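Visitor: Have a look; sequence and predicted model below, questions after that.
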Protein chains: 2
Amino acid sequence: MSAGWFRRRFLPGPPGPAPRPPKPRASPVPYRRPRFLRGSASSPGPADTARRPDARPVRSPARGRALPWNAGYAEIINAEKSEFNEDQAACGKLCIRKCGFGAEDDQEWLTLNSEEFLTGHYWALFDGHGGPAAAILAANTLHSCLRRQLEAVADGMAATPPLMHLSGCCVCPSDPQFVEEKGIRAEDLVIGALESAFQECDEVIGRELEASGQVGGCTALVAVSLQGKLYMANAGDSRAILVRRDEVLPLSTEFTPETERQRIQQLAFVYPELLADEFTRLEFPRRLKGDDLGQKVLFRDHHMSGCRSYKCVEKSDLKYPLIHGQGRQARLMGTLAVSRGLGDHQLRVLDTSIRLKPFLLSVPQVIVLDMDQLQLQDDDVVVMATDGLWDVLSNEQVGKLVRGFLPGNREDPHRLPEANTRTSPGLWVGHL
Amino acid sequence: MSAGWFRRRFLPGPPGPAPRPPKPRASPVPYRRPRFLRGSASSPGPADTARRPDARPVRSPARGRALPWNAGYAEIINAEKSEFNEDQAACGKLCIRKCGFGAEDDQEWLTLNSEEFLTGHYWALFDGHGGPAAAILAANTLHSCLRRQLEAVADGMAATPPLMHLSGCCVCPSDPQFVEEKGIRAEDLVIGALESAFQECDEVIGRELEASGQVGGCTALVAVSLQGKLYMANAGDSRAILVRRDEVLPLSTEFTPETERQRIQQLAFVYPELLADEFTRLEFPRRLKGDDLGQKVLFRDHHMSGCRSYKCVEKSDLKYPLIHGQGRQARLMGTLAVSRGLGDHQLRVLDTSIRLKPFLLSVPQVIVLDMDQLQLQDDDVVVMATDGLWDVLSNEQVGKLVRGFLPGNREDPHRLPEANTRTSPGLWVGHL
């Protein structure tokens, strides 16, 4: 990616006729629930349904159908908040060959390749917005992108430290030493493959949505276990935690307009054209108005991390803030509550041609957990969930719930709904 | 600061005649050692001087002259490594008035103002390079910049939470609530004042050096105690730690071309003109050569944090790397070992007109320590030192040394040389 590419791709060209919406060339993405829910029926919530008539029914995998790694899953039937449930999920065994690509099996979950060099597991949660299409495409596509990206670097991962040249040839005799001195490890290549897979999947979603005349985006939270490591890749406001007997470890950080303020403000500083004279990149405690003109007011700009200062309010400061609102209400350009994710290629600020995509990153943050080093126990559990859960329960509360009902139910794939009835879809529990 | 300002300031204009070095308008900055060393004599190193004839003499404040907060200081007499000792230091009591500015007293250390609103303490270490001038100017100037910046926000700090409008007027009745919801605290204003003071001081140094026809730069490590908090501001590769009975807490992080790789690569991505076709922003395990052409080689670009990938080597990848070398040998554009600091406005890559300044940040990272919350004890000590110390001793080793010789010597301003004889100048110890 070059700066020139970015300019051509995102910056407004000379004024011309307003773009007409493209005519769909493909049929819409068919709606479905995750494959592993086939044959399952929705069950009423836990015992308190009688007491709480508003308790929403919960769906989880059919009895007797175990998910890889003894994982559990539960989702709440969409309560007419939108026409379709915009959340999706996927899981599967990940089989990486050293070269070439194999065909996918159409199984309960996806066996990505039959001939093995490395095997691992893959779990993913996608929280859609603006329609279910992006999340469905992500659930259908991301694992294939990841397999391709991992296979592209598999040869390099075959050595320790990884090979400097993918071909395995040593142009300098001390090449392995250079790689070692830079501290490059096989896990850096897996992280790179995850980042590239997210970007590739984002491009696929952009093409597919454009072709079918659909819109929308989704967050993505992906766990991959490979060679004794757990990789947690997150783009959006979902969250993963590791619940252990005596502690709860966060495995991800949320990406919202608030948490990514500096990155977003900096992009607006470098490319002010992206704001189309409609927004101010500066952050003030509230949206300013005429009476504030000429006063010295608290503010924060892109280069200020923990700090604040005062500035004399000018007319341009009265524009709508690039990032506005607090906490759950914080929005990018008054439109979007997340700052990373997949899709949203066509998303524009209401009644304008201002696009949000340049401010959205499809690159995930990847956190690596060394499972051997952590000496994980049978009761250690990873919880992955969309914001619906974390809006009502803290990490510690979820930890307490999991610790409370897991013992004795370890083999029961239906053990999770108990924890999930008052929250949005998307609660994963994988025993490590 | 706007993107336009950055372009005008740093990007090359249309080609013209090579700039002639400006004629000095002012006399060179006079060389001196820190004020608080007046009257002190250099002492031989510790008891082992006889055994180690290469032990360098150490200088510390004259006996009976206590530094604020019972701090200690020691520096090694420059061993002809350069014509002058390029390191400098300053300390003083910091007196902030709510409005207006007072005159400086020419005391042993600087009493910044006689009329008080807030009082605190200030300690600073500057590690110069390319001559002593920048470090001397920083030691002479930074505290005044800080006082000015703190006084400019003092009115806002008078309330809890800080006032949204510096004038104290409330344009919206709920303005205090907006400030509170954003989580803005008085310490954010102090951090902002520190950041602004570093930038102001950097501009002063740039002007003064240009006027006197001198060159050079310096790192800056500044500690400020104010209202029960300790602020540690760092721009460069010096380091501060807090030594406690059972632990050693780092109070700063180092800024070098390696630790700031992503920021530096990103700037080169946005403004490739800064590389003048002489450098590649991509990071490879070693500098590539002709034989690598066409091969797939490990690399890292600006958007890649922990990850690596392979790319097919093109001709442009053979250019000199923007960041080259490992650890202590890592250099920005083959020239500079630090990525933040003051000065260096005229610094260019050898035999070219390529300037390094756009890649150097004068903004410090500020870490805040709540001294009340930490329940600091008498034996808790802050150690501030330039890279000379940290190149030979780890945090833990320094912690052990300090714990070993402090008890019993608590009131002795000469207690520090014992720890400092084999290192570069600049070891500060302040009892909290």
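Guide: That came through fine.
Visitor: When you work out contacts or count neighbours from here on, use the C-alpha atoms and nothing else.
Guide: Noted.
Visitor: what's around the nearest residue to A:Gly290 once chain neighbours are set aside, how many residues?
Guide: Residue nearest to A:Gly290 in three dimensions, not counting chain neighbours: A:Leu318, with 7.3 Å by C-alpha to C-alpha, 6 or more residues apart in numbering or on different chains. The number of residues packed near A:Leu318 is 17, by other C-alpha atoms under 10 Å in any protein chain shown.
Visitor: Check the contact between A:Leu318 and A:Arg286; I expect there is one.
Guide: No - assessed by C-alpha atoms under 8 Å, A:Leu318 is found out of contact with A:Arg286, at 10.4 Å.
Visitor: Show the model's pLDDT score for the residue nearest to A:Gly290.
Guide: What the model reports for A:Leu318 is a pLDDT of 98.
Visitor: Now do the same contact list for it.
Guide: By C-alpha atoms under 8 Å, 6 or more residues apart in numbering or on different chains, the residues touching A:Leu318 are A:280, A:287-290.
Visitor: now the helices: where do they sit in the stretch 101-250 of chain A?
Guide: A:133-157, A:175-181, A:186-212 (DSSP state H, counting those that start in this stretch).
Visitor: how distant is the last one from the center of its chain?
Guide: Right, the one you point to is helix A:186-212. Relative to its chain's centre, helix A:186-212 lies at 11 Å (C-alpha atoms, centre = their mean, to the nearest Å).
Visitor: and it, average pLDDT?
Guide: Mean per-residue pLDDT for helix A:186-212: 97.
Visitor: That one and chain B, are they touching?
Guide: Yes - remark: helix A:186-212 sits within contact range of chain B at A:187-193, by C-alpha under 8 Å from any C-alpha of the partner chain.
Visitor: how about the residues of the stretch 251-400 of chain A that lie near chain B?
Guide: So far as C-alpha under 8 Å from any C-alpha goes, the stretch 251-400 of chain A lies against chain B at A:269-272, A:285-286, A:291-292, A:295-298, A:304, A:306-310, A:326.
Visitor: Keep only those of these that are in strands.
Guide: Among those, DSSP state E puts A:296-298, A:309-310 in strands.
Visitor: which pair in the residues you listed spans the largest distance?
Guide: Using C-alpha to C-alpha, the two most remote members of these are A:Lys296 and A:Ser309, lying 9.3 Å apart.
Visitor: what touches both of these two?
Guide: Between them, A:Lys296 and A:Ser309 share no contacting residue under C-alpha under 8 Å, 6+ apart.
Visitor: So A:Leu350 versus chain B, what's the distance?
Guide: 26 Å (C-alpha to the nearest C-alpha, to the nearest Å).
Visitor: who's in contact with that residue?
Guide: A:Thr335.
Visitor: where does it land on pLDDT?
Guide: 93.
Visitor: before we move on, what about A:Gln262?
Guide: pLDDT, A:Gln262: 96.
Visitor: and it, what is it in contact with?
Guide: A:301-305.
Visitor: which residues of chain A score low on pLDDT?
Guide: Scanning chain A for pLDDT under 70 picks out A:1-3, A:5, A:12-22, A:41-56, A:77-82, A:99-116, A:407-432.
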